[in-house]
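*Asks:* Here you go, sequence then predicted model.
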Amino acid sequence: MDIFEFLVQYWPRILSGVGVTVAQFVLAAILGIAVALTMGLLKLSTNKVLKGFAVTYIEIFRGTSLLVQLYWIFFVLPLFGFSIDKFTAGYVAVGMNIGAYGAELVRGGILSVPKGQWEAALAINMSPAKRMWRIILPQALINMLPPWGNLMIELLKGTALISLISVADLMFVTKQINASTFLSAQAFGIALIIYYILARFLVTPFMRWLERFMARKMGRA
Amino acid sequence: MEDMSGYPHELTGENTPMVSFKNVRKSYGSLVVLDDLDLDVTTGEMVSIIGPSGSGKTTVLRMLMTLEKINGGCIYVDGKPLTHMPKNGGLVPANERHLRERRADIGMCFQHFNLFPHMTALENCMEGPVHVLGISKAEARDRSEELLELVGMINKKDEHPSRLSGGQQQRVAIARALAMRPKVMLFDEVTSALDPEVIGEVTNVIRGLVDEHNLTMLMVTHQMGFARDISDRVCFFYGGKIEEQGSPAELFGNPQRERTQQFLSAVREAV
Ligand SMILES: Nc1ncnc2c1ncn2[C@@H]1O[C@H](COP(=O)(O)OP(=O)(O)OP(=O)(O)O)[C@@H](O)[C@H]1O
Ligand SMILES: [Mg+2]
């Protein structure tokens, strides 16, 4: 069977897999950004308990394998009475993992904003929360967008692991097709190309657009 | 904790100063930067602070802006303690809430402008009124445009700071501080980072404030001519103390202390 016949026959299943992968990617990204923001801010906190919590979180999620984390969330947590469906377990594991890496980016981005910005915000009597949210974070965001672009690509690749807990994403369907047809080259070849296209023609251009958008907000474009 | 019993909870009376430093001490580790500073500034007065590098000039302004904590004494603004607050009949170090309440009286302009780069000139000015004072956007816009007009920047109101010259940025920064309607304005070497040819556009704005507003102002400057022109009083700082103070005519024309004389002649030679 040549690649075109293969595509015609299996396209609907591949497409449904792509849909699941994209959904997992988007949900994991949203969760990851939220986690990164929270943990990055907590790590900068002067409160020792909050800071310790963030440091521990980041250590654990960066220091261990994503696959093991995924298995923990899906197989081990139910033993303690927290059972979640596999779709949720998938993006939660990936999002929490990416969030730990993102937290370091958030922290670095915040620290890179000049001290004078904090002082100017205080001089117009802004509350600490508003100083952070309205003055510091927007500038930190601009500084950390390029590394976030890389992290988003990592995230996309990371979602392939969720096929191991049988979420029917692109990787999972590909493996199924391979198992029933033994057309390994076609099946995994297509998967390779689709992952590449998603990364290079969706994620990267979106991040570039975001960078340009933010540059315009700074009056730099 | 320091015994605050000698400090009143409120300064009252006919001639209550707008700003009052009482025995204020500031140190960084073992380095004493300000030693028992006493300084009163009356309402509407323009006080210039001059002195050699490291003498504590900036620190005076930063303490008043509450950017630095003090290690002793008390600062009053408009008769009420700024660095302390009343509690259980005594004065205790101010908490964030007290600081936010009292800080509203004070505005500051910095050597390096520190405009918010992600906002236009107008947005920089509106930020405080809208998000701190909570006034309507329309009103904040009117107020900000009026002030940008005052500093001669209305035609650049939609530009971001990255597109403005240093002098223009500093004028926007002055408008931004004024938009909060402070009673006291602090200027820390606001012309030091500027090219010589644009210094005038900033000093002219400050000159205008002396006439137009009943603003109390403290200005740290290295421009002796400007300080002489516009100040009601000049304080010469040396080693964390006020070595000498007086009217510009007295201090520049007939300095009494040797260190003042040395400093002024060194400055004149440098020009
Ligand atoms: N954050 C800090 N940590 C330690 N020492 C400091 C700090 N800020 C200021 N100092 C010291 O305090 C002293 C007074 O500093 P300050 O900035 O008030 O001087 P200044 O009179 O404004 O000098 P300049 O004319 O150079 O601006 C200096 O010796 C300075 O080194
Ligand atoms: Mg200084």
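*Replies:* All right, it came through fine. Ligands and ions are numbered 1, 2, ... in the order given.
*Asks:* so who does B:Leu164 touch?
*Replies:* Residues counted as contacts of B:Leu164 (CB atoms under 8 Å, 6 or more residues apart in numbering or on different chains) are B:Ala121, B:Lys156, B:Val172. (Each C-beta comes from the backbone N, C-alpha and C, glycine too.)
*Asks:* Burial check on the residue in chain A positioned nearest to chain B, number of neighbours?
*Replies:* Closest contact between chain A and chain B, by CB to the nearest CB, is at A:Gly219 (2.3 Å). Here the number of neighbours of A:Gly219 (other CB atoms under 10 Å in any protein chain shown) works out to 18.
*Asks:* excluding its backbone neighbours, what's nearest it?
*Replies:* Take A:Gly219 and drop its neighbours on the chain: the residue closest to it by CB to CB, 6 or more residues apart in numbering or on different chains is B:His160, 2.3 Å away.
*Asks:* what about the one you found, neighbour count?
*Replies:* Neighbours around B:His160, by other CB under 10 Å: 22.
*Asks:* Please apply the same query to A:Ile177.
*Replies:* Counted with other CB under 10 Å, A:Ile177 comes out at 23.
*Asks:* likewise B:Ile242?
*Replies:* Neighbourhood size, B:Ile242 [other CB under 10 Å]: 19.
*Asks:* That one should be in a strand, yeah?
*Replies:* Yes: applying DSSP: H, G, I helix; E, B strand; the rest coil, one finds B:Ile242 inside a strand.
*Asks:* And the helices in chain A, which stretches?
*Replies:* For chain A, the helices defined by DSSP state H occupy A:3-43, A:48-63, A:66-71, A:86-111, A:115-123, A:128-130, A:137-158, A:170-181, A:184-197, A:204-217.
*Asks:* List the buried residues in the shortest one.
*Replies:* Neighbour counts over helix A:128-130 (16 or more other CB atoms under 10 Å in any protein chain shown) mark A:Lys130 as buried.
*Asks:* Quick one: end-to-end length of stretch A:131-140, please.
*Replies:* Criterion CA to CA, to the nearest Å; first-to-last residue distance in stretch A:131-140 is 12 Å.
*Asks:* what mean pLDDT does stretch B:220-236 have?
*Replies:* Average pLDDT, stretch B:220-236: 94.
*Asks:* what's the offset of it from the middle of its chain?
*Replies:* 13 Å (CA atoms, centre = their mean, to the nearest Å).
*Asks:* What of stretch B:100-114?
*Replies:* 8 Å.
*Asks:* next one: stretch A:126-143
*Replies:* Centre-to-centre, stretch A:126-143 and its host chain are 22 Å apart (CA atoms, centre = their mean).
*Asks:* Is there proximity between it and chain B?
*Replies:* Yes: using CB under 8 Å from any CB of the partner chain, stretch A:126-143 reaches chain B at A:Met126, A:Ser127, A:Pro128, A:Lys130, A:Arg134, A:Ile135, A:Pro138, A:Gln139, A:Ile142.
*Asks:* hmm, which of those are the buried ones?
*Replies:* By 16+ other CB under 10 Å, those give A:Met126, A:Ser127, A:Lys130, A:Arg134, A:Ile135, A:Pro138, A:Gln139, A:Ile142 as buried.
*Asks:* farthest-separated two in those residues?
*Replies:* A:Ser127 and A:Ile142 (22.6 Å; CB to CB).
*Asks:* and the residue positioned nearest the centre of chain A, what is it in contact with?
*Replies:* Nearest residue to the geometric centre of chain A (CA atoms, centre = their mean): A:Ala29, 3.8 Å. Counting by CB under 8 Å, 6+ apart, A:Ala29 touches A:Gly95, A:Ile98, A:Met152, A:Leu155.
*Asks:* That one and A:Ala93: what is the separation?
*Replies:* A:Ala29 sits 13 Å away from A:Ala93, going by CB to CB, to the nearest Å.
*Asks:* three-state assignment of the residue lying closest to B:Pro161 once chain neighbours are set aside?
*Replies:* Spatial nearest neighbour of B:Pro161, excluding adjacent residues (CB to CB, 6+ apart): B:Leu115 at 4.1 Å. Secondary structure state of B:Leu115, per three-state DSSP, is coil.
*Asks:* go on, the one 10 residues further on?
*Replies:* When states are read from three-state DSSP, the local structure at B:Cys125 comes out as helix.
*Asks:* picking that back up, from the residues of stretch A:126-143 next to chain B, which two are the most distant?
*Replies:* Put simply, by CB to CB the two of those set farthest apart are A:Ser127 and A:Ile142, 22.6 Å from each other.
*Asks:* returning to what we had before: run a quick neighbour tally on the residue nearest to B:Pro161.
*Replies:* Around B:Leu115 there are 26 residues (other CB under 10 Å).
*Asks:* from memory it sits against B:Gln169, does it?
*Replies:* Yes: between B:Leu115 and B:Gln169 there is a contact under CB atoms under 8 Å: 5.5 Å.
*Asks:* anything in contact with each of the two?
*Replies:* By CB under 8 Å, 6+ apart, B:Leu115 and B:Gln169 have these common neighbours: B:Pro161.
*Asks:* how about the residue nearest to B:Pro161, what does it touch?
*Replies:* A:Ala120, B:Ala121, B:Asn124, B:Pro161, B:Gln169, B:Val172, B:Ala173, B:Arg176.
*Asks:* same thing but 6 Å
*Replies:* B:Asn124, B:Pro161, B:Gln169, B:Val172, B:Ala173 (CB atoms under 6 Å, 6 or more residues apart in numbering or on different chains).
*Asks:* Next one: it from B:Val130, what distance?
*Replies:* For B:Leu115, the distance to B:Val130 equals 16 Å [CB to CB].
*Asks:* Equivalent analysis for B:Tyr28, please.
*Replies:* B:Tyr28 is 36 Å from B:Val130, by CB to CB.
*Asks:* More neighbours: those two, which one.
*Replies:* Under the neighbour definition other CB under 10 Å, B:Tyr28 and B:Val130 were set side by side, and B:Val130 has more, 18 against 10.
*Asks:* which ones are touching the nearest residue to that one once chain neighbours are set aside?
*Replies:* Nearest residue to B:Val130, sequence neighbours excluded (CB to CB, 6+ apart): B:Ala140, at 4.8 Å. If you count contacts by CB under 6 Å, 6+ apart, B:Ala140 has them with B:Met126, B:Pro129, B:Val130.
*Asks:* How about the second one, nearest residue that isn't a chain neighbour?
*Replies:* Leaving aside its chain neighbours, B:Pro129 sits nearest to B:Ala140 (3.9 Å; criterion: CB to CB, 6+ apart).
*Asks:* what's the answer for the first one, then?
*Replies:* Counting by CB to CB, 6+ apart, the nearest residue to B:Met126 once its immediate chain neighbours are dropped is B:Ala140, at 4.5 Å.
*Asks:* Check whether the one you found sits in a helix, strand or coil.
*Replies:* Going by three-state DSSP: B:Ala140 is helix.
*Asks:* I'm done for today, thanks for sticking with me.
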